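S.K.: Okay, here's the prediction I keep looking at, along with the sequence it came from:
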Amino acid sequence: MKLIYLTIPLSPLLAAVIAGLFGKQIGRRGAHSITIAAVAISFALSLVVFMDTVIGGAPVYNGSVYTWLVSDGIRFEIGFLIDHLTALMAVVITFVSLMVHIYTIGYMHDDPGYQRFFSYISLFTFAMLMLVMSNNFLQLFFGWEAVGLVSYLLIGFWYTRESAIRANLKAFLVNRVGDLGFLLGIAAILAYAGSPDYYAVFKQAPELARETISVLPGSQWSAITLICILLFIGAMGKSAQMPLHVWLPDSMEGPTPISALIHAATMVTAGIFMVARMSPLFEFSETALSVVMVIGALTAFFMGLVGIVQNDIKRVVAYSTLSQLGYMTVALGASAYAAGIFHLMTHAFFKALLFLAAGSVIVALHHEQDIRRMGGLKKYMPVTYWTALIGSLALIGFPGFAGFFSKDVIIESVHASHLPGSGLAYFLVLIGVFVTALYTFRMFFLVFHGQERIDPHAKAHLHESPKVITMPLVLLAIPSVVAGFTIGPIVFGDFFDGAIVAAPDHDVLAEVGKHFHGAVSYLLHGLLAAPTWLAIAGLVTAWWCYIRRPDLPDLARQRMDWMYAVLQNKYGFDEFNEKYLAGGGQTLGQFLWRVGDARVVDGALVNGTARMVGWLSGRVRHAQTGYLYHYAFVMIIGLLVLMSRLWFA
């Protein structure tokens, strides 16, 4: 099995190297064939591992591949941890990646960077697999930074566009802020636990909970609380939680396939996975759990509101990702880790579906992305329409679809939590259901229903996308419907036993599970619950405002212009960052340059030293007269001084 574990991540890496370095030699067909075959192999082997680990009952594998470095007695190794959590993540990552690879053949068909793009997305898959399969913090950090690097390359894939370059720099810099916290958290773990190995650190968690650290003079912090908060800061960057969320909407500057991959199965899920993997540490700090829960709830609600006023089809879906990541984060903060990972899984399917459906629309309309210039596409694009409808219903948590089960169990878990902040979190995620349904079906109705507002030239050539685009949509639509029915074993069963830990006094899923009697019963019970009616209310409101009475949104905008301005301005995060953080940094840098560099370094040290040497040499050179008797006189004086010192000594 060790060979299989190695092949899963190395297969897409090898394909990425071949497509990247030998793209011209193998051509377009060769590039997509080898990368798709590699990811298909990884997917097939991930299924083998899943069957062996989950169904076959194989023991957890925790082994080292090789030792990278030994420093001061600490071994830094490359190794794999294969348990149920890893097996599930590997299947989700490779399946979604395979669908994106196939879809890319049609979407990027005419792009000059075709081979380069396939190399990048295959490399992205490798990086994420290395992250989720790691058994230590060194490899985790490698995968963490690798997905950040490849996302930078992919967001700025069309590097001739200034907006793309700004977007990838923004993603890179914002993630560096989060990564600083993440790196400090890992450093603190090494300092206190003395090992980067997960299991070695987890065993010391009770001792770490008793340790304190002085952050500021005179103040003592719980060491494990500080470690968990620092690790979560890293997750805030990768999984785009407020206020480190600002990079994710701008990542839409990359091609649509990579938007699907980033938002569904790779980059943004890294933070959610990491916190779930670190559950043995987080369970010893209620403070850290409360911070996670409240930040997740704020992100879920307020980013959903921004999605209501977006007109770019990809940005609407992007803000829905921010909101849904908030739901996953809330689940982690409530200690409902299994529910968070379950929502990560279902969300990966329907969010990839929605992004790829949006891409299908964009291709059909000659790269038009403004939903105000669409409408009535149902009769032209039936496959895209029905799959987008499935994705939309799953996203809003409509009964029977995957999102219904995963979102509902998160809301119930938060309701059962007694941690500080749980009341606020419950209110926000509950109201967020209505907001999600409103912005989702606003987009859906404006794109596929109502009056046609399509450009005449685009309409003349409008037709359904080719099968290479629609086939992945159909394949992703299937789990978007049926995946939710696995809620029993994954959320309420012992699926994650040993991989995820929840303290008895935090185990909200055990409390919710007392009323669970099967997926069908859970579905029937949910029909009468508040989230279902809020989702239906949001859907009906969207239908009323954008189909029945399309004049109402403009009327509401006029009467609530201040709120529209706040949402359109995205709460001013970008302006604050640009003016105070980036602008403040530039001002500080200019001040340090003028005072430190220009005056101290250049003025005093470099130029000042040169001037001093010039002045001194100008004085000393007068001693070089060229007359022999002058030199003899100096020698005699020197000899007298030397003899005097010897005489008096």
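M.R.: All right, it came through fine.

S.K.: By mean pLDDT, which helix or strand of the chain comes out lowest?
M.R.: helix 583-592 (a mean of 75; mean pLDDT, DSSP states H and E).

S.K.: after that helix comes which helix or strand?
M.R.: Remark: after helix 583-592, the chain's next helix or strand is helix 608-620, criterion DSSP states H and E.

S.K.: Only alpha carbons, please: show that next one as CSV.
M.R.: Output of helix 608-620 as CSV, limited to C-alpha atoms (Å, rounded to 0.1, in the frame of the first residue of the first chain):
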residue,chain,number,x,y,z
GLY,A,608,30.1,59.7,5.7
THR,A,609,32.9,57.2,5.9
ALA,A,610,34.1,58.1,2.4
ARG,A,611,34.1,61.8,3.3
MET,A,612,36.0,61.1,6.5
VAL,A,613,38.6,59.0,4.7
GLY,A,614,38.9,61.8,2.1
TRP,A,615,39.4,64.4,4.8
LEU,A,616,41.9,62.4,6.8
SER,A,617,43.9,61.4,3.7
GLY,A,618,43.9,65.1,2.7
ARG,A,619,45.6,65.9,6.0
VAL,A,620,48.0,62.9,6.0
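
S.K.: Touching it from outside, list them.
M.R.: By CB atoms under 8 Å, 6 or more residues apart in numbering, no surrounding residue is in contact with helix 608-620. From N, CA and C alone the C-beta is placed, and that goes for glycine too.

S.K.: Distance from it to the middle of the chain?
M.R.: What separates the centre of helix 608-620 from the centre of its chain is 58 Å, taken as CA atoms, centre = their mean, to the nearest Å.

S.K.: who does the top strand by length along the chain pair up with?
M.R.: Among all segments of the chain classified by DSSP state E, the strand with the greatest residue count is strand 61-71. Sheet pairing of strand 61-71 (DSSP bridges) gives strand 74-82 (antiparallel).

S.K.: Now the partner strand: buried residues?
M.R.: By neighbour count with 16 or more other CB atoms under 10 Å, strand 74-82 contains the buried residues 76-82.

S.K.: Do you have the helices of the stretch 351-500 of the chain handy? List them.
M.R.: All helices of the stretch 351-500 of the chain, identified by DSSP state H, counting those that start in this stretch, fall at 382-396, 402-416, 422-448, 456-460, 467-482, 487.

S.K.: low-confidence ranges in this structure?
M.R.: Low-confidence regions of the chain, defined here as pLDDT under 70, cover residues 582, 648-649.

S.K.: list the contacts for the residue nearest to the spatial centre of it?
M.R.: Centroid check for the chain by CA atoms, centre = their mean gives residue 268 as the closest residue, at 2.1 Å. When the contact criterion is CB under 8 Å, 6+ apart, the partners of residue 268 are 238-240, 248, 262, 321, 325.

S.K.: ok, and the closest non-adjacent residue to it?
M.R.: Once flanking residues are discounted, residue 268 sits nearest to residue 239: 5.1 Å by CB to CB, 6 or more residues apart in numbering.

S.K.: same check, this time on residue 507
M.R.: In this structure, residue 507 finds its nearest non-sequential neighbour in residue 335, 6.6 Å apart by CB to CB, 6+ apart.

S.K.: The one you found and residue 83, how far apart?
M.R.: Using CB to CB, to the nearest Å, one gets 19 Å for the distance from residue 335 to residue 83.
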